[in-house]
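Engineer: No sequence on hand, only this structure:
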């Protein structure tokens, strides 16, 4: 009796000699795992700038780049993807600059607000909405909410019906 063709399920095991030209896993630079709130140093590579829209009329600038470190033989040993976001940036970065970045790791990307450019001596910072403006907006919003609550309270607790002295004594009947 003929057997139906078999279908393999699961990973296939291939002969490793077929892929001798492919870099081995240990030859690939490893991504550096950065604990939260730490500093990473390296050379800026693949610096890209873009603008993203937030809401209908707000825009945010985004800089992405990689920080790379090399051993004495010139081989890349670490690679850290970095992202800076802000309304604007103060300072500048260039391809190949040696920098020190301060931030936190999130979803495999090192998120930073401040970078010290060791090549030029500049300090690069991502600027957001000033805190004073946020506090003023919060106080203004709270004042509006309190005013609406006061009006609602007055409407709910106001006596109903005509005033106590109605009708006035000189009112023609």
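Structural biologist: Thanks, I have the structure now. In this text, all values refer to a predicted model and were calculated from it rather than measured experimentally.
Engineer: What average pLDDT does the helix or strand encompassing residue 99 get?
Structural biologist: Per DSSP states H and E, residue 99 falls inside strand 98-106. Average pLDDT, strand 98-106: 87.
Engineer: cool, and stretch 164-172?
Structural biologist: Averaging pLDDT along stretch 164-172 gives 76.
Engineer: what's the span of that stretch, first residue to last?
Structural biologist: Counting by CA to CA, to the nearest Å, you get 18 Å between the two ends of stretch 164-172.
Engineer: neighbours around residue 169, how many?
Structural biologist: Residue 169 has 5 neighbours, counted by other CB atoms under 10 Å. (C-beta placed from N, C-alpha, C; glycine too.)
Engineer: Return the distance of it relative to residue 159.
Structural biologist: 21 Å (CB to CB, to the nearest Å).
Engineer: and the angle for the helix or strand following the strand holding residue 99 with strand 98-106?
Structural biologist: For strand 98-106, the following helix or strand on the C-terminal side (DSSP H and E) is strand 109-117. For strand 109-117 against strand 98-106, the angle by axes from the mean of the first three to the mean of the last three CA atoms, to 10 degrees is 150 degrees.
Engineer: got the contact list for the very next helix or strand once past strand 109-117?
Structural biologist: With elements assigned by DSSP H and E, the helix or strand that comes after strand 109-117 is strand 123-127. Strand 123-127 has contacts (CB atoms under 8 Å, 6 or more residues apart in numbering) with 61, 84-93, 99, 112-117.
Engineer: Cross-check the contact I'm expecting between residue 77 and residue 43.
Structural biologist: No. Counting by CB atoms under 8 Å, residue 77 sits too far from residue 43 to count as a contact (11.8 Å).
Engineer: And those two? Which one has more around it.
Structural biologist: Comparing residue 77 with residue 43 by other CB under 10 Å, the one with more neighbours is residue 43, at 18 against 13.
Engineer: returning to what we had before: now do the strand holding residue 99: distance to the chain's middle.
Structural biologist: Centroid separation between strand 98-106 and its chain, computed with CA atoms, centre = their mean, to the nearest Å, is 13 Å.
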